[in-house]
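[1] Kindly generate the corresponding structure for this input.
(one chain, ligands or ions: 2)
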Amino acid sequence: ADTKPVNISSLTLNTGKKIPSIGYGTSGVNGLEAALNSALEAGYRYIDTSTYYRNEKVMGNVIKKWITEGKLRREDLFLLTKLPFFGNRPEGVPKYLKQSLENLQTDYVDLYLIHSPAGLKENDGGLDSTTDIVAIWKEMEKQMDAGLTKAIGLSNFNKTQIERILKNSRIKPSSLQVELHAYLQQNELVDFCKENNILVTAYAPLGSRSMTAYNANRGNNVTLPDVLENPIVKRIAAKHSKTAAQVVLRFDIQRGVIPIPRSYNTERIRQNIDIFDFELDDKDIEELKSLDAGIRFFKFSEMAKHPEYPFRGEVQK
Ligand SMILES: NC(=O)C1=CN([C@@H]2O[C@H](COP(=O)(O)OP(=O)(O)OC[C@H]3O[C@@H](n4cnc5c(N)ncnc54)[C@H](OP(=O)(O)O)[C@@H]3O)[C@@H](O)[C@H]2O)C=CC1
Ligand SMILES: O=C1CO[C@H](CO)[C@@H](O)[C@@H]1O
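    Ligands and ions are numbered 1, 2, ... in the order given. Predicted coordinates:
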């Protein structure tokens, strides 16, 4: 197999800065060191994490080693982390960003996101129904002024909540990270973000097989439909001599959406960015579009009673 790093195309944020058109998702801790080494070797330069994943320290050590050994320059890396649910207050923003920067051993991140519009209490993890997203955003702006992050954005916000931020902000959000895959294509939200110059990042772009594992670990007997086993996806993959994962990730790229697939397996890590040497045609795109089914895997049900719960009223499938 070819082991040269893949050359990744890029998009431009509303700050004028470039962002790679695919990133590496890292939720979970076990095995990250080896996996992140594989990801950097494969050519990923956009790394997605969060305070909540509790893996920033390991990540910081790996990145520092790459930089010290002269294999990577900080400016070639696009580092993203997020304000945790339990820090979702104005005073949580400087506190948790500072902690992330220390853990990541860097002076700045490239993008800092509010992980969720709904907040949890710091002490006992219960719902904090006082969450004020506009007040939190104003603190996000200050972190950007201070140069601690090069851009700021949102995750898991719905359209109405983004509109509230747009209306009440000095600095506009650069990016929105939401669940997005063949079964949840988010057409309305993606169009809205395009109109407002907000780049969309697709989390769980492979349909999050890890969510099935997450449920299994909690003893929940839930079987979720598997995007990568869909017969239409598989047929299109066979037609292009690519894998199902490569087809759904390429679909994102052709929509101008940035996928952040997670894998801890070296072969699949490589496979997931090896998507810049083929093109889906109009018929493939039409067929993939027809798979949209409004199936949301990450419902954050524990936050369903929060005033800012983003998916209220949504018809659940
Ligand atoms: N903002 C938010 O609230 C959220 C953000 N995220 C971010 O998005 C990232 C991706 O989402 P995630 O939930 O991990 O789901 P993904 O859709 O990326 O799916 C990951 C799963 O798919 C498997 N997989 C990876 N590549 C392939 C392949 N080529 N063929 C077959 N199976 C494959 C992985 O297993 P294996 O490791 O064995 O390859 C893993 O079980 C997260 O890691 C996180 O960074 C995710 C959820 C919520
Ligand atoms: O960002 C995230 C939010 O929560 C999920 C679990 O509930 C994680 O798996 C995910 O990566």
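
[2] how about the helices in the stretch 1-150 of the chain?
    Here the stretch 1-150 of the chain has its helices, by DSSP state H, counting those that start in this stretch, at 32-42, 56-68, 92-104, 133-145.

[3] Can you tell me which of those helices is nearest to residue 247?
    helix 32-42 (18.6 Å; C-beta to C-beta). C-beta here means a position set from N, CA and C on the backbone, and glycine is covered the same way.

[4] Specify the stretch among the helices of the stretch 1-150 of the chain that is closest to residue 200.
    helix 133-145 (18.3 Å).

[5] Including mean neighbour count, could the helices of the stretch 1-150 of the chain go into TSV?
    TSV is the format used below for those (neighbours: other C-beta atoms under 10 Å):
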stretch	mean neighbour count
helix 32-42	19
helix 56-68	18
helix 92-104	19
helix 133-145	18
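
[6] Output those helices in a markdown table, with mean pLDDT and distance to residue 293 appended to each entry.
    Output for the helices of the stretch 1-150 of the chain, formatted as a markdown table (pLDDT from 0 to 100; distance: least, C-beta to C-beta, whole Å):
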| stretch | mean pLDDT | distance to residue 293 |
| --- | --- | --- |
| helix 32-42 | 97 | 30 |
| helix 56-68 | 98 | 34 |
| helix 92-104 | 98 | 35 |
| helix 133-145 | 98 | 29 |
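
[7] and residue 178, which of those is closest to it?
    Between residue 178 and those, the tightest spacing by C-beta to C-beta is seen for helix 133-145, at 15.3 Å.

[8] ok, residues contacting that closest one?
    Identification of contacts with helix 133-145 by C-beta atoms under 8 Å, 6 or more residues apart in numbering yields 83, 88-94, 97, 112, 114, 117, 149-152, 157, 161, 164-165, 168-171, 308.

[9] Quick one: buried ones out of those residues?
    Buried members of the contacts of helix 133-145, counted by 16 or more other C-beta atoms under 10 Å: 83, 88-89, 92-94, 97, 112, 114, 117, 149-152, 157, 161, 164-165, 171, 308.

[10] In strands, which of those residues fall?
    Counting by DSSP state E, the part of the buried ones among the contacts of helix 133-145 found in strands is 83, 112, 114, 152.

[11] Dump these into TSV; add distance to residue 131 and pLDDT as well.
    Compiled in TSV, these are given as follows (distance: C-beta to C-beta, whole Å; pLDDT from 0 to 100):
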residue	distance to residue 131	pLDDT
83	11	98
112	17	99
114	10	98
152	17	99
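
[12] restrict those residues to those near ligand 1?
    Near ligand 1, taking C-beta under 6 Å from any ligand atom as the test, no member of these is found.
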